[in-house]
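S.K.: Got a sequence here, can you model it:
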Amino acid sequence: MSSRLIVALDFPDVQQALAFVAPLSPTDCKLKVGFELFVAG
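M.R.: You can find the predicted model right below:
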């Protein structure tokens, strides 16, 4: 069994979150959208 890293996206806006996740590989981690980003739209 292999475990993957879960990255929390706790950013105030979508642009910051996108810039942060751009270099991440979807095969290496999962993403969790934080409440602040969720309500930001």
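S.K.: where do the strands sit along the chain?
M.R.: Along the chain, counting by DSSP state E, strands occupy 5-9, 29-33.
S.K.: Distance to Gln15 and mean neighbour count for those - can I get that in TSV?
M.R.: All C-beta atoms are positioned from the backbone trio N, CA, C, and that covers glycine. Formatted as TSV, those follow (distance: least, Cβ to Cβ, whole Å; neighbours: other Cβ atoms under 10 Å):
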stretch	distance to Gln15	mean neighbour count
strand 5-9	12	12
strand 29-33	14	12
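S.K.: Quick one: the helices in the protein, in order.
M.R.: Listed in chain order, the helices of the chain (DSSP state H) span 14-21, 35-40.
S.K.: For the spatially closest residue to Leu9 that is not a sequence neighbour, give me its contacts.
M.R.: Sequence neighbours aside, Ala17 is the residue nearest to Leu9 in space, at 4.7 Å (criterion: Cβ to Cβ, 6 or more residues apart in numbering). Listed by Cβ atoms under 8 Å, 6 or more residues apart in numbering, the contact partners of Ala17 are Leu9, Phe11, Val33, Leu37.
S.K.: Then Val7?
M.R.: Contacts for Val7 were tallied using Cβ under 8 Å, 6+ apart; they are Val21, Leu24, Cys29, Lys30, Leu31, Lys32.
S.K.: before we move on, back to that, quick one, grab the pLDDT at the residue nearest to Leu9.
M.R.: Ala17 is assigned a pLDDT of 94 by the prediction.
S.K.: now Gly41
M.R.: Gly41 carries a pLDDT value of 67.
S.K.: what do you get for Pro26?
M.R.: For Pro26, the model assigns a pLDDT of 84.
S.K.: now do Met1
M.R.: Reading off the model, Met1 has pLDDT 51.
S.K.: With Leu37 instead?
M.R.: You'll see Leu37 listed with a pLDDT of 92.
S.K.: Burial check on it, number of neighbours?
M.R.: Residues near Leu37, counting by other Cβ atoms under 10 Å, number 18.
S.K.: How about Ala40?
M.R.: Other residues close to Ala40 by other Cβ under 10 Å number 15.
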